[in-house]
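In: Build the 3D model from these lines:
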Amino acid sequence: MRYTINENMDINRNRIILCKDASFGSNNEDGQNWDFQVSLDRSSSIILNFNSQNYKCVSCEGRLNIKSKNIKNIRIESLSSRKAALIFDSSNVPRYGVEDLIFDQSIGYDRQNNIIVLGNYKFGDELYEFGIGQYVKVLEGEILAVIIRLCE
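Out: Predicted coordinates for the structure are as follows:
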């Protein structure tokens, strides 16, 4: 699968809310529907929700198990980014969901800033904010990292 960045499309207006059960998901501020999902890691810690009409990522969801030995404590100093929509670029849209594992499966959590990171956020050039507090790094059609600032 391939992903593109579209700076001419508005970002999704959803904030990602951390729930008491350690799950997180959209507050549905923009009311956009999604009809297929892409899981980026083996444990489905982060799932991207896409709309098949415009192929735009409309929100993220998943689960944050901060007690897991697989999650590293990290510190994110700043998130300098450009605003752009994250687009699923494929002629073959999944019926409901698909697993598209990113190369670096490491998960980090910045407790102080309430930020979860999947992948290598330090590699590559540009960081794009594709939703409120939702960031992605894409290189040659592949997702390198997803960063989510969780709201409470």
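In: From now on I want contacts and neighbour counts done on CA atoms only, so please keep to that.
Out: Noted.
In: now the protein, which segments are flagged as low pLDDT?
Out: Along the chain, segments meeting pLDDT under 70 span 30.
In: Bridged to S26, which residues?
Out: I16 (DSSP bridges).
In: okay, now it: neighbour count?
Out: 20 (other C-alpha atoms under 10 Å).
In: contacting residues for it?
Out: Residues counted as contacts of S26 (C-alpha atoms under 8 Å, 6 or more residues apart in numbering) are N14, R15, I16, I17, S59, C60, E61.
In: Can you check which strand is longest in this protein?
Out: Longest strand in the chain, counting residues (DSSP state E): strand 142-151.
In: Return the list of strands paired to that one, each annotated with direction.
Out: strand 16-18 (parallel), strand 115-119 (antiparallel), strand 134-139 (antiparallel).
In: Residues contacting that strand, please?
Out: Residues from elsewhere that reach strand 142-151 (C-alpha under 8 Å, 6+ apart): 1-3, 15-18, 24, 102-104, 113-121, 123, 133-138.
In: how about 7 Å then?
Out: 2-3, 15-18, 102, 114-121, 133-138 (C-alpha atoms under 7 Å, 6 or more residues apart in numbering).
In: One more: stretch 40-56?
Out: 33-39, 57-64, 85-88, 99-102, 105.
In: For I74, which of the strands paired with strand 142-151 is the nearest?
Out: strand 115-119 (9.0 Å; C-alpha to C-alpha).
In: Can I get the closest one in CSV, CA atoms only?
Out: Output of strand 115-119 as CSV, limited to C-alpha atoms (Å, rounded to 0.1, in the frame of the first residue of the first chain):
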residue,chain,number,x,y,z
ILE,A,115,2.3,11.6,23.2
ILE,A,116,2.4,8.1,21.8
VAL,A,117,4.8,7.4,18.9
LEU,A,118,4.9,4.4,16.6
GLY,A,119,8.0,4.0,14.4
